[in-house]
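Participant: 3D, please:
(2 chains)
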Amino acid sequence: MRKLGIQSIEDIALGAAVLGTGGGGDPYIGKLMAVDAVSECGPVTLVDPSEVPDDALIVPTALMGAPTVAVEKIPRGDEAIGTLRAVEKRLGTKAFATMSVEAGGLNSTIPLSVAARLGIPVVDADGMGRAFPEIQMFTFHLHGITATPMAMADEKGNAILLETISDQWTERIARSITVAMGGTAIVSLYSILGRQLKEAAVPNTITMAEKLGRLLREAKLSKKDPVRELLTLVHGHRLFKGKVLDVNRRTVAGFARGEAILEGIEECAGSKFTIQFQNENLVAIKDGRILVSVPDLITTLEIETGLPITTETLRYGYRVVVVGIPCDRRWRTDEGLKLVGPRYFGYDIDYVPVEHMMGHGG
Amino acid sequence: MPLRIGIDVGGTHTDAVILDKANRLISAVKTATTPDVTQGILNALQEILKTSGVNPDDVNAVMLGTTHCTNAIVERKRLAVVGTLRIGKPSTLAIKPLTAFPQDLRRSLGNVWEIVSGGHEYDGREIGPLNENEVREAARKFRNARVEAVSVSSVFSPICPDHEKKAAEILLSEIGSVPLTLSHELGSIGLLERENAAVLNASLVKVAELAINAFNEAMERACLDRAKLFLTQNDGTLMSIEYARKYPIRTVASGSTNSLRGAAFLTEINDGVVVDIGGTTTLVGVLTKGFPRESAIAVEIGGVRTNFRMPDLLAVGCGGGTVVSSVDGKVQIGPESVGYELETKGKAWGGDVLTTTDIALAAGYAKIDDPKCRPNQIGADPSFVLEAVERIIGTVEESIDKMKTSANPVPVVLVGGGGILIPRSRYDQLRGTSKVIRPEHFQYANAIGAAIAQVSGEIDRVYSLENMTRSDALSRATALAKSEATKAGAKPESVRVVEVDEVPLAYLPGNATRVRVKAVGELSL
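Facilitator: From the prediction side, this is the model:
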């Protein structure tokens, strides 16, 4: 158990963009909300999953919908208190803590403001270990835990409690409600008990985001090579060093799909590299061969600063190092790959873990 | 004969040029910038009228690039007390206005704000009606706090500005005449960044008023009675005085923009890279259709994050006064610089610091016409000099490569006094370039850039593609941008689109897309 102050929140927001693997939304808004809440209500308590009592209820909180809407129509700030209370009421139990559904992007910091305002802890874990676009894409789902009862609320005061027959249905219905609510909604979903949490959650991802953020912040001052240190921390692999030549984007069924084309520089001179994305980066292709695919993490970092670049801001001329980071082991099971493997996203290929492709198999 | 004067107020020099109707350079002068900037401008005007022999009555426009507003924000001086009105309740309450402002700046602005009910959704629906009583109450609060300017920002106002406009009417009727900044007229999607830009703009109204009055006075004293005054904004286009009084923040960073535009003009290269080598830094910018490429990320002004558009510039610590040293037997360029003290500290002038200029002199390709500059007293080892030359060239090559947008070689324009660092004999071999030009009159690129500035119109909207095709959305956006340019004073027949940018909104069904279009045209005088 430890306290998270404003510096920790800043670091988590920066590190979460690395785990956002190109998507997940800019953590800036979530960060300011959390800073505002912590300035008003004091630091947040971060608890390790092992510190959570087995029968304690954890109610995660998140923002669902378009990050581009969230930067304009900023939340009211207490919507999540409403959704968390609604789930508590439905289950007849008080929440012991809240947590992040995804450690990557905007949703890494949303629960911090909730925790500060309610005076409850945040669990140092999440349900993805990265960012994913859909509700069924949770490690919790693999452990038979359902997204519902799910509470949704908008800033206007509209609130809905969903009961569904599957997480896929939850995704479909909740997505329509999000649109009706104005493009974003605050949600509480995948309530989980302490004993389930210890098995089903990806542990210590908030601490990981904080470490990544601190590393990038300190590298800026010490002028060390941030990419090398970052790779050591996440057991990642340097996939490519190059310059962005072109980025094509199009919208397909509400998702920003597209690809970035890179040309190699320095030790990669002469090679071509393509990153295909659907909000998050999906596959990385070097000279026609797929090197890394979802669910492993593919992140582009600016060469000099190591700062992560999202698919929305990626453009001509950026000089980047593309890194591949192993995903949580549960995504590598048959059930996991069915949910978030390359075939789910339309690639007819078998998933090969990044460390095998990069020749460090074991 | 109608003539135009372009003026650039820099840190050390105030330059002026006269251009005729066909954009021919009639005359150019360099004068010293004075602590009282107005006096410096008057000096430059009088000097150029004297050297050129031009009759002041033949000048019908003066275009001025100024740093007054940038300096006021950075120094926190003469800023207005700003009442900040945000429309969006119950949304947006999680982050209050001015939250991410530096403490001292927030204090200078008075920290007066209110959030009222209203605002819109991304598709133009109302979040709720504008609560006019709350606006009236906010107005009374602002009046009691003696605000000198007011900024108004409403959720999704770039899509629907109705609530900002209505609130402005109410504020004016309650407070009386007060300068108002409406955020939709300044920035794009991103409430906090747009609101910040609006607040900074409102804070500058006093500074702008004083500066404009001083410029007018300088013009009167120079007998330029028939000339109309314009200020240049940071996208390379002009603002009328009435417009500049309302949107002073648009002058921030206009100097660098003028330098890029001037370089394009002098070389007729409209797509390429401009390398401006100054005393301490080299600024590299990219020209697209004759205009600077704009930064795609949020930019900070005076420590405040805004989405106000700025030229995309790469600053590298390698200028004419940059220190060259030896570290473990290897050449190191910078990061220190002697800057404007080159002529006392540089080795060629008898000083004890080896600079990049000394290297260029010692290698023999640079010549400086100054009796006090004696390259024979530099005394650096020839092989060290050769290595340093390669490092300087390499640094410039690398920065060009970082900024260009494709692997194809690009034309490069060298401007700025530090341009002597690159030997002419290497122009054909500079990596990644198709040609390198150091144009005649390069030292006046900024003032020329001001004199040739055009008029623009810009829009940034989110379109829902449910009941509209993508090409409908694009053509609507284009028509809007063109009409904005005409409203700003462009000749309608000269207006053309220079930039179209489209980004789909992620994680949202219904295929909403954000479109930005910019059109420019010639000033109609």
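Participant: Phi first, then psi, for the closest residue to residue B:209 other than its chain neighbours.
Facilitator: Nearest residue to residue B:209 in three dimensions, chain neighbours excluded: residue B:245, at 6.4 Å (C-beta to C-beta, 6 or more residues apart in numbering or on different chains). All C-beta spots, glycine's among them, are computed from the backbone N, C-alpha and C. Residue B:245 adopts backbone torsions of phi -60, psi -30, taken as degrees, to the nearest 10.
Participant: Quick check: residue B:245 vs chain A, distance?
Facilitator: Distance, residue B:245 to chain A, using C-beta to the nearest C-beta, to the nearest Å: 28 Å.
Participant: That residue contacts residue B:206, doesn't it?
Facilitator: No - in this structure, residue B:245 is not within contact of residue B:206 by C-beta atoms under 8 Å, at 10.5 Å.
Participant: Am I right that residue A:245 falls within a helix?
Facilitator: No - when DSSP: H, G, I helix; E, B strand; the rest coil is applied, residue A:245 is found to be strand, with no helix at that position.
Participant: residue ranges with poor pLDDT in the chain?
Facilitator: In the absence of a named chain, chain A is used. For chain A, applying pLDDT under 70 flags the ranges A:223, A:251-256, A:360-362.
Participant: Oops, wrong one, chain B.
Facilitator: Residues of chain B that meet the criterion pLDDT under 70 lie in B:1, B:11, B:296-297, B:503-511.
Participant: how's chain B carved up into domains?
Facilitator: Using automatic domain parsing, the domain parsing of chain B gives B:80-203, B:454-521.
Participant: tell me the most buried of those?
Facilitator: Neighbour counts (mean count of other C-beta atoms under 10 Å in any protein chain shown) averaged over each of the domains of chain B peak at domain B:80-203, with a mean of 22.
Participant: quick one on the thing from earlier: distance to residue B:293 added to the domains of chain B, as CSV?
Facilitator: Shown next, in CSV, are the domains of chain B (distance: least, C-beta to C-beta, whole Å):
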stretch, distance to residue B:293
domain B:80-203, 16
domain B:454-521, 9
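Participant: and these as a markdown table, adding distance to chain A?
Facilitator: Shown next, in a markdown table, are these (distance: least, C-beta to the nearest C-beta, whole Å):
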| stretch | distance to chain A |
| --- | --- |
| domain B:80-203 | 3 |
| domain B:454-521 | 3 |
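Participant: Specify the stretch among those that is closest to residue A:119.
Facilitator: domain B:80-203 (17.2 Å; C-beta to C-beta).
Participant: For the nearest residue to residue A:74 once chain neighbours are set aside, which three-state class applies?
Facilitator: Of all residues not flanking residue A:74 in the chain, residue B:92 sits nearest, at 4.2 Å (C-beta to C-beta, 6+ apart). At residue B:92, secondary structure determined by three-state DSSP is coil.
Participant: So residue B:92 sits against residue A:76, correct?
Facilitator: Yes - using C-beta under 8 Å, residue B:92 is in contact with residue A:76, at 7.4 Å.
Participant: Okay, residue A:24 and residue B:216: tell me how far apart.
Facilitator: Distance, residue A:24 to residue B:216, using C-beta to C-beta, to the nearest Å: 52 Å.
Participant: I meant residue A:221, not that one.
Facilitator: 47 Å.
Participant: What residues does the stretch 301-450 of chain B have near chain A?
Facilitator: Applying C-beta under 8 Å from any C-beta of the partner chain, one finds that the stretch 301-450 of chain B approaches chain A through B:401-407.
Participant: Run through the residues that contact residue A:99.
Facilitator: A:58, A:60-61, A:111, A:122-123, A:125-126, A:201 (C-beta atoms under 8 Å, 6 or more residues apart in numbering or on different chains).
Participant: Out of those residues, which sit inside helices?
Facilitator: Using DSSP state H, the subset of those located in helices is residue A:111.
Participant: Spatially, which two of the contacts of residue A:99 are the most separated?
Facilitator: A:61 and A:201, at 14.6 Å, using C-beta to C-beta across these.
Participant: ok, is stretch A:341-349 in contact with chain B or not?
Facilitator: No - judged by C-beta under 8 Å from any C-beta, stretch A:341-349 makes no contact with chain B; its nearest approach is 14.9 Å.
Participant: residue in the stretch 51-200 of chain A nearest to chain B?
Facilitator: Taking C-beta to the nearest C-beta, chain B has its nearest neighbour within the stretch 51-200 of chain A at residue A:77, 3.1 Å off.
Participant: Backbone torsions only: list them for that residue.
Facilitator: phi 120, psi -30.
Participant: how about the nearest residue to it, chain neighbours excluded?
Facilitator: Nearest to residue A:77 is residue B:94, by C-beta to C-beta, 6+ apart, at 3.1 Å.
Participant: so that neighbour makes contact with residue A:116?
Facilitator: No - in this structure residue B:94 lies outside contact range of residue A:116 using C-beta under 8 Å: 11.5 Å.
Participant: out of all of them, which helix in the chain is the longest?
Facilitator: Just so you know, I chose chain A. Chain A, longest helix under DSSP H: helix A:205-222.
Participant: um, chain B though
Facilitator: helix B:382-403.
Participant: Show me where the stretch 101-250 of chain B has its strands.
Facilitator: B:112-117, B:149-154, B:180-182, B:228-232, B:238-240 (DSSP state E, counting those that start in this stretch).
Participant: Make a markdown table from the ones you listed and add distance to residue B:79 to it.
Facilitator: Below are the strands of the stretch 101-250 of chain B laid out as a markdown table (distance: least, C-beta to C-beta, whole Å):
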| stretch | distance to residue B:79 |
| --- | --- |
| strand B:112-117 | 13 |
| strand B:149-154 | 9 |
| strand B:180-182 | 13 |
| strand B:228-232 | 19 |
| strand B:238-240 | 20 |
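Participant: do you know which of those strands lies nearest residue B:332?
Facilitator: Closest to residue B:332 of the strands of the stretch 101-250 of chain B, according to C-beta to C-beta: strand B:228-232, at 37.7 Å.
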